[in-house]
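1. Kindly return the folded structure for what I paste below:
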Amino acid sequence: MLVDQDSPPRAAAAPRAETAARSNAARGAGLLVALAVLLAVAAASIAIGAKDIPPHEVWHGLFHYAGSDDDVVVRKLRLPRTLLGLLVGAALGVAGAAMQALTRNPLADPGLLGVNAGAAAAVVTAISFLGVTSPTAYVWCALAGAAAVSVLVYAIGGSRSATPVRLALAGTAVTALLQGWSSAVQLTDSVALDRMRFWQVGSLASADMATVRRIAPFLLVGAVLAFAAARPLNAIALGDDTARGLGARLTSTRVTVMAAITLLCGAATAACGPIVFVGLMVPHVVRGITGPDMRWILPYAAVLSPVLLLGSDVLGRLLTRPAELQVGIVTAVLGGPVFIALVRRRKTAEL
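-> As a prediction, the model looks like this:
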């Protein structure tokens, strides 16, 4: 009799497990396709630029460097630019996905907690009042500003009692204050205005291997923290009470995710300036592929965000040859219409 009662649940569980396995297999295959696309875009970023270089010379510059003009362009300019684009794109995508999950707001982006504004305010303050001129110093100043503002937003949002709404409101208020400060300093200091103008557009043009090495540890730690929080973020998406019932530690999860966002977005902004729409748009696309599971959203965002960023950078180099259009401008121009189309779709708007 007991066997007869247990048989229907067991029979029902088997199709569910089989469906889940097929879904995971499809997601895994999709991730492999996304990686292949990323490799193709990265190859295009190394091969395409203001100067026409034959494919065999690109190969020579990468693997048989001899110091020729073409070798220098490939190894010293395009390779660091591509590597930086890969790192920054992945960082912005993961930070955006984590931000949207943390605040339970599908319109959140990495700038919502004031990270971008903190980085910009620190850079403009260092330029105007400390006489900082080195791009290396810009990176450290931007990282310090991003970290300080994240701590401030968390404190204003209630610290241990912080909620997604409080964090979003605190971030919005601090962002407005810092943007006003940055604008005031630049309007009264023409030197700061001139030096900040290029950085604020968002660009990969000044990339070098030193910058890549400088920000890579921050991005690695931030990515590890974000991926470690994927399962608790799934619980938080169900609401605070349900998450507590499932055993999620809300305070520690929020602190971990905020630290991850600060490291990822702070380092990316420090290296390239604020680049918009990547961290906002890509997680929307990814959720349409993977569903709401953060264990899949984060790796997909880490792969597809560099595709968007590097693709936009290549497009910017092609559109205005021999000059180039900065990647921050291209992502804004592309991202606006695409994002409007995404949010108008019923399926995406209901996420």
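2. got a list of what Val165 touches?
-> Val165 sits next to Thr103 when contact means CB atoms under 8 Å, 6 or more residues apart in numbering. (Each C-beta comes from the backbone N, C-alpha and C, glycine too.)
3. got a pLDDT number for it?
-> Val165 is assigned a pLDDT of 76 by the prediction.
4. Buried residues, the host helix or strand of it. List them.
-> In the assignment (DSSP states H and E), Val165 maps to helix 164-188. Of the residues in helix 164-188, those buried by neighbour count under the rule 16 or more other CB atoms under 10 Å are 164, 166-168, 170-172, 174-175, 178, 182, 185-186.
5. Compute the inter-axis angle for the very next helix or strand once past that helix and helix 164-188.
-> Tracing the chain past helix 164-188, the next element assigned as helix or strand by DSSP H and E is helix 190-201. What separates the directions of helix 190-201 and helix 164-188 is an angle of 140 degrees, with axes from the mean of the first three to the mean of the last three CA atoms, to 10 degrees.
6. which strands and helices sit next to helix 190-201?
-> Using 3 or more CB pairs under 8 Å, 6 or more residues apart in numbering; DSSP states H and E as the contact test, the elements touching helix 190-201 are helix 115-130, helix 164-188.
7. Excluding chain neighbours, what is closest to Ile53?
-> The shortest distance from Ile53 to any residue that is not its chain neighbour, by CB to CB, 6 or more residues apart in numbering, is 5.1 Å, and that residue is Asp70.
8. Does the helix or strand containing that neighbour pack against any helices or strands, and if so which?
-> Under the criterion of DSSP H and E, Asp70 resides in helix 69-72. Using 3+ CB pairs under 8 Å, 6+ apart as the contact criterion, the elements in contact with helix 69-72 are helix 55-63.
9. So which bits of the helix it packs on are buried?
-> 57-58, 60-61.
10. Which two among the residues you listed are spaced furthest apart?
-> Based on CB to CB, the longest span within these runs between Val58 and His60 and measures 7.2 Å.
11. Please enumerate the shared neighbours of the two.
-> Contacts common to Val58 and His60, judged by CB under 8 Å, 6+ apart, are Asp70.
12. Quick test: name the residue nearest the centre of the protein.
-> Leu92 (0.5 Å; CA atoms, centre = their mean).
13. quick one: Gly49 and Thr82 touch, right?
-> No: with contacts counted by CB atoms under 8 Å, Gly49 stays clear of Thr82, the gap being 10.4 Å.
14. quick one, which of the two is more surrounded?
-> Neighbours around Gly49 and Thr82, counted as other CB atoms under 10 Å, are more numerous at Thr82. The numbers are 24 against 21.
15. ok, Thr163 - contacts?
-> Contacts of Thr163 by CB under 8 Å, 6+ apart are 157, 240.
16. so where's the stretch 201-350 of the chain shaky on pLDDT?
-> Counting by pLDDT under 70, the ranges of the stretch 201-350 of the chain that qualify are 339, 342-350.
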